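Trainee: make a model of this:
(chains A, B, C and D)
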Protein chains: 2
Amino acid sequence: MLSKKSQYAFKALTYLSEKYNEGPVLISEIARKKKIPLKFLENILLELKRADILDSKKGKGGGYFLKVNPAKVKVATIVRLINGPIAMLPCVSLYFYERCKNCNETSCGLHDMMIEVRDATLNVLENRTLKDLVV
Amino acid sequence: MLSKKSQYAFKALTYLSEKYNEGPVLISEIARKKKIPLKFLENILLELKRADILDSKKGKGGGYFLKVNPAKVKVATIVRLINGPIAMLPCVSLYFYERCKNCNETSCGLHDMMIEVRDATLNVLENRTLKDLVV
DNA sequence: AATACAGTCCACAAACTTGGTAGGCTATCT
DNA sequence: AGATAGCCTACCAAGTTTGTGGACTGTATT
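Mentor: Next up, the predicted model:
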């Protein structure tokens, strides 16, 4: 399951996608409109900024805004950044891979199955962008 | 990600599937062969028994064994039982549904996307059984 | 230069989940 | 009766999640 943090991130990003190219948006506005705890949101947006998804401006007239076109930001990227691995097992994760102890990957039924699950999931998440979240 | 508990459960169930119709298997044997902490495994097997996946016999010659043919036990069932929801959001979960607050499901881009992910995942997990885990 | 504004950074903490342990109880077989 | 083996309840350490508080830094305006 996606963490609340991830859900908040998507809400905020959806909001910012709707306002793409309309200048900076206040954290407090996003928090209010999307009902996200302000200080928590602060951390999330900062993380997204550090990952080059968002950019910000300080002082009056400042706020957060998308750094690139929402159609260029894959949902999978956000999930990995805020939520972590998409795969159901470390040994089938592409970005968070960890070797399986006590289970040689060459002959593990679960391993093979979870690769299928991963690919089915990625087929959706890698082909959808923030733009698709705006309806 | 699947919890370690879930991974242990699958290891144990795979072992028991290999020994289907060969009589009861000791918890201690499963723990040793699959390198699972004994007492932890005890809890897991008990849970699987309560869910009618396994059955057990006490006393000498006792142990655990699959209650039904491994080809009849869906992987999705085990995941839901030991790991919890398969969906990435409560509001798209079939077995652990919870209404989305501050997000009307009729027009939420994330909601629709996560239904796609759920269905893609279930397409694998609902169509594989314990039998498929044995290679 | 002073002031207000708005994001940045660091530290902390309550609540919950995960992974695991301890020890006695109950049923069964010989 | 004694040994075997699962059943049950309770507990606990560590980590993660979901936040909060408060001071600091950069920016625009007057």
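Trainee: does the helix or strand containing residue A:76 reach chain B?
Mentor: Assigned by DSSP states H and E, residue A:76 belongs to helix A:75-78. Yes. Applying C-beta under 8 Å from any C-beta of the partner chain, one finds helix A:75-78 touching chain B at residue A:75. Placement of C-beta: from N, CA and C, glycine included.
Trainee: show me what that helix is packed up against.
Mentor: helix A:4-18, helix A:109-125, helix A:130-133 (3 or more C-beta pairs under 8 Å, 6 or more residues apart in numbering or on different chains; DSSP states H and E).
Trainee: tell me what the longest one is packed against?
Mentor: Here helix A:109-125 is seen to pack against helix A:75-78, helix B:4-18, helix B:109-125, helix B:130-133 when contacts are counted using 3+ C-beta pairs under 8 Å, 6+ apart.
Trainee: turn the helices and strands packed on helix A:75-78 into CSV, including mean neighbour count, distance to residue B:9 and mean pLDDT.
Mentor: CSV is the format used below for those (neighbours: other C-beta atoms under 10 Å in any protein chain shown; distance: least, C-beta to C-beta, whole Å; pLDDT from 0 to 100):
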stretch, mean neighbour count, distance to residue B:9, mean pLDDT
helix A:4-18, 21, 26, 98
helix A:109-125, 19, 10, 97
helix A:130-133, 20, 35, 97
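Trainee: residue contacts, the nearest residue to residue A:61 once chain neighbours are set aside?
Mentor: When the adjacent residues along the chain are set aside, residue A:61 lies closest to residue A:24, with 6.7 Å between them (C-beta to C-beta, 6 or more residues apart in numbering or on different chains). Shown in contact with residue A:24 (C-beta atoms under 8 Å, 6 or more residues apart in numbering or on different chains): A:56, A:57, A:61, A:62, A:63, A:64, A:65.
Trainee: let me know the pLDDT of the closest residue to the fourth one other than its chain neighbours.
Mentor: In space, not counting the residues next to it along the chain, residue A:62 is nearest to residue A:24; the distance is 5.3 Å by C-beta to C-beta, 6+ apart. On pLDDT, residue A:24 comes in at 98.
Trainee: look up phi and psi at residue A:55.
Mentor: phi -140, psi 170 (degrees, to the nearest 10).
Trainee: how close does it get to DNA strand D?
Mentor: 11 Å (C-beta to the nearest atom of the strand, to the nearest Å).
Trainee: one more: residue A:68?
Mentor: Look at residue A:68 and DNA strand D: by C-beta to the nearest atom of the strand, they are 20 Å apart.
Trainee: and that residue, what does it touch?
Mentor: So residue A:68 contacts residue A:53 (C-beta under 8 Å, 6+ apart).
Trainee: still on that earlier bit, out of the contacts of residue A:24, which end up buried?
Mentor: Using 16 or more other C-beta atoms under 10 Å in any protein chain shown as the burial test, the contacts of residue A:24 include A:56, A:63, A:64, A:65 as buried.
Trainee: out of the residues you listed, which are inside strands?
Mentor: If you go by DSSP state E, the buried ones among the contacts of residue A:24 have A:56, A:63, A:64, A:65 in strands.
Trainee: show the contacting residues for the first one.
Mentor: The contact partners of residue A:56, by C-beta under 8 Å, 6+ apart, come to A:24, A:45, A:49, A:62, A:63, A:64, A:65.
Trainee: let's see it at 7 Å
Mentor: Shown in contact with residue A:56 (C-beta atoms under 7 Å, 6 or more residues apart in numbering or on different chains): A:49, A:62, A:63, A:64.
Trainee: and the residue nearest to the third one when sequence neighbours are not counted, its phi and psi?
Mentor: Sequence neighbours aside, residue A:24 is the residue nearest to residue A:63 in space, at 3.1 Å (criterion: C-beta to C-beta, 6+ apart). Note on residue A:24: backbone dihedrals following degrees, to the nearest 10 are phi -60, psi 150.
Trainee: how far away is the residue nearest to residue A:61 from residue B:16?
Mentor: Per C-beta to C-beta, to the nearest Å, residue A:24 is found 59 Å from residue B:16.
Trainee: what residues does chain A put near DNA strand D?
Mentor: A:3-5, A:37-40, A:43, A:57-62, A:84 (C-beta under 7 Å from any atom of the strand).
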